[in-house]
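Q: I would like the atomic coordinates for the input below:
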Amino acid sequence: MSVNHNTSALEVIIQQRIDEVGGWIPFDTFMQAALYEPRLGYYESSHVFGEEGDFVTGAEMGSWLALGFADLIEWGWQELGSPSEWVLVEQGGGTGKLLSAVLHSLQERGLIPARSVAIDASAEMRSRQQSLYASQNLDIESFATIDEAGEIENCLMFCNELPDAFPVRCFSWKGGEAYERGVAHSSGHFRWQDAAMKMSLPLEIDREISAVWPDGYLSEWNPNLQGWQEKLSKMIRRGFLFCVDYGYTQQEYYRSQRIEGTLLGHKGHQVIENILQQPGSCDITAHIDFTSLQRIGDNNGMPGCCFMSQGAWLAQSPSVQRRIESLAAEGSIESVQELAHAKRMLLPFGMGETFKLLIQSCHHKQSAPGYLNHFDRIHTLRRVKGVA
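A: Numbers count the residues shown, from 1 in each chain. This next block holds a predicted model:
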């Protein structure tokens, strides 16, 4: 193994893993280490979110997401029969600001869960969350994995920008066949390398989509959606999952013009295209194939019952509407600033169209909030053809 004096401890670990398995690893192995390696991965850093971090999530953009989620949770609670014993769960909560704001919004409505649970794989993030919750006198249980949370009856769960950080695997399309694209190293540097043999397992992508891909087409798929949904199906005995993330339907995700996929890095609010360089120093994400997520959910007792853009969801959310009306009437500098954040969250040129909401019903009747009926696009995820 060639290692130069500038090589980080994380790079050494990844290079050793590549050497141990013959000189090549699938990309999800690289991404897992780059983001989550204990004490060395990106999400083990104390400086990730916010204006001074590497990127800003919707949770940092004022109260809008919290209000929207609180409306969904109140609706879900009513759909479950308004139980006195119910549990609120967030996974991948980052700094903890969103769960805190959602709980405060629910408390204002007199809607208080019997338990509140935060699940986060990062020890650093769990520590930051617990510090925030303690400062606000919030009693929130903290777990590293879904398995640790146990089975939950009457569960209302939400997540914001979670599955986009699940490690993905990559492929290149050559001669009408998919070849897995992984990582090798030489002279102390990581490089992309295709597997010698075509993939033995088919991509779960409709054939009518892959039929028009040009030679050299590059993209990725998310194998971790399957395990995530399986674990949630066991944890949530009855309830709803509200998932918000950036992504597309499968037809849009894998359109022939998107020739390099969606895989990107982020550092200092800038896009990093060479994501193999200095692992652990930047975030790595890929968009979500919501068609795939919905199909996996269907097969695990968690069918999708509502799908739409973030902009449409928030614009129709009763609490968001009331807040906008209040700020518009107030007219202060602070209200104008908060309304500017609202525009970024709701409008298509900001986060309003790329980000989507998927509601899944977990071992419960399929239903969707009445106030969202006119904007539901769940039918766009249900086109089933052959697979590539």
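Q: In contact with Y253, which residues are there?
A: When contacts are counted by C-beta atoms under 8 Å, 6 or more residues apart in numbering, Y253 touches S219, G247, T262, H287, D289, T291. (Glycine included, C-beta is placed from N, CA and C.)
Q: could you point out where the protein is predicted with low confidence?
A: Within the chain, the stretches with pLDDT under 70 are 1-7, 46-59, 61-62, 383-388.
Q: The stretch 51-200 of the chain: strands as residue ranges?
A: 87-91, 115-119, 141-143, 155-160, 169-174, 177-186, 189-194 (DSSP state E, counting those that start in this stretch).
Q: same deal with the stretch 201-350 of the chain?
A: Here the stretch 201-350 of the chain has its strands, by DSSP E, counting those that start in this stretch, at 217-221, 239-248, 264-267, 270-272, 283-285, 288-289, 304-309.
Q: What backbone torsions are found at Q360?
A: phi -120, psi 140 (degrees, to the nearest 10).
Q: Repeat that for L358.
A: Backbone torsions for L358, taken as degrees, to the nearest 10, come to phi -120, psi 120.
Q: ok, it touching Q294?
A: Yes. Counting by C-beta atoms under 8 Å, L358 does reach Q294; the two are 6.8 Å apart.
Q: Residues that sit against both of those two, list them.
A: G304, F307.
Q: ok so, going back, just checking, which of the strands of the stretch 201-350 of the chain sits deepest inside the structure?
A: Of the strands of the stretch 201-350 of the chain, the one with the most neighbours on average (mean count of other C-beta atoms under 10 Å) is strand 288-289, at a mean of 28.
Q: could you say what helices and strands it packs with?
A: If you count contacts as 3 or more C-beta pairs under 8 Å, 6 or more residues apart in numbering; DSSP states H and E, strand 288-289 packs onto strand 239-248.
Q: other SSEs contacting the strand it packs on?
A: Judged by 3+ C-beta pairs under 8 Å, 6+ apart, the packing partners of strand 239-248 are helix 64-79, strand 155-160, strand 288-289, helix 290-298, strand 355-362.
Q: Nearest to K365, out of the strands of the stretch 201-350 of the chain?
A: K365 lies closest to strand 304-309 among the strands of the stretch 201-350 of the chain, at 8.9 Å (C-beta to C-beta).
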